[in-house]
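> the following block contains a protein sequence and its predicted model.
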Amino acid sequence: MLLRILLQLLDGWRPAFRQDRSRRRAAAQALGTLVSFGRRTLSRAIWALGRQQQDWSAEYRLHSRSDWNPALLFQPVLEKALPFCGGRYVAAAIDDTRIHKTGRRIQSAFYQRDPLSPKFRFNLMFGLRFLQISLLVPLYRRHQASPRALPVRFEEVPALKHPRRKAPSEQWAAYRRAVKQNNLSTHAVTTITGLRSSLDAAGQKTKRLLMVGDGSLCLWYLLAVRRTTASLAVVCGCADSLSGAGSQTEILSGPGLLAHHRPPRHAARAVAGLLRPLAD
């Protein structure tokens, strides 16, 4: 049963690849990654598929030379889950995540704050940074089950390398301008816009997209929503909201726009409170 559903989702990857052989190779790697043991690397997936004695170059060229859009891989998951999202809103949560790496030759890896470090000590980690969006599926409306969060976006967000300390002032000025255009918040705006387009392609143009994020993305959310689309609502969690912790304050309103400040620990509760009255 589970294998049949998984194969149906993998068959929905056809629009993401120009050639069907690339789609079949990607589906095989996905299955190999699922059933492999230990670290989920490409070499482990090849061994799980029994291809360890064959040429590996085609497996790696799928990720280095083949032209395909990773966002389209989530479209089958989105279309399968949307029937369970009744009401006027489609809720999704967004946040960044980090993956530890040890290879110093990885170009996009950098030192960043370790989210697991204690409050009294600031620790660093070397790794990659990704931006993930998960669709919040309210299964409690139709079934006696808790909500589920299904990934619908997972994109790498590398940091710009800053110049040397003694670099000319022109390089530092160019770096500061580039950081304003390429950071976590600007990538979030682009990713949310792409998710809105995917919802429209799935026949959900009349529904508003309710995004849930933390305070680090709050400001750019509010600026980007007005520029890109009116069919978007935002719930942002901030440690110190404008009207005090624990209070829900509407700070910006407009056609199809709703933004709230909430403490992070109350973000999920705020989403449930907004969606429950809108249930079918």
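Structure received.

> so where do the helices sit in the stretch 51-200 of the chain?
Here the stretch 51-200 of the chain has its helices, by DSSP state H, counting those that start in this stretch, at 57-64, 75-81, 169-181, 184-201.

> report all helices and strands that the shortest one contacts.
Translated: helix 75-81. Secondary structure elements in contact with helix 75-81, counted by 3 or more Cβ pairs under 8 Å, 6 or more residues apart in numbering; DSSP states H and E, are helix 2-11, strand 124-137, strand 148-156, helix 184-201. Every C-beta, even on glycine, is put in place using the N, C-alpha and C of the backbone.

> so which of these comes closest to residue 93?
Nearest of the helices and strands packed on helix 75-81 to residue 93, taken as Cβ to Cβ: strand 124-137 at 5.1 Å.

> put the alpha carbons of the closest one into PDB.
Output of strand 124-137 as PDB, limited to C-alpha atoms (Å, rounded to 0.1, in the frame of the first residue of the first chain):
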ATOM      1  CA  LEU A 124      29.200  28.000  16.000                       C
ATOM      2  CA  MET A 125      28.700  25.100  13.500                       C
ATOM      3  CA  PHE A 126      30.000  24.500  10.000                       C
ATOM      4  CA  GLY A 127      27.400  23.400   7.600                       C
ATOM      5  CA  LEU A 128      24.700  24.200   5.000                       C
ATOM      6  CA  ARG A 129      21.600  26.300   5.500                       C
ATOM      7  CA  PHE A 130      18.300  25.400   4.000                       C
ATOM      8  CA  LEU A 131      14.900  27.100   3.900                       C
ATOM      9  CA  GLN A 132      11.900  24.700   4.400                       C
ATOM     10  CA  ILE A 133       8.200  25.200   3.900                       C
ATOM     11  CA  SER A 134       5.800  22.600   5.200                       C
ATOM     12  CA  LEU A 135       2.100  22.400   4.400                       C
ATOM     13  CA  LEU A 136       0.000  22.200   7.500                       C
ATOM     14  CA  VAL A 137      -2.700  19.600   6.800                       C
END
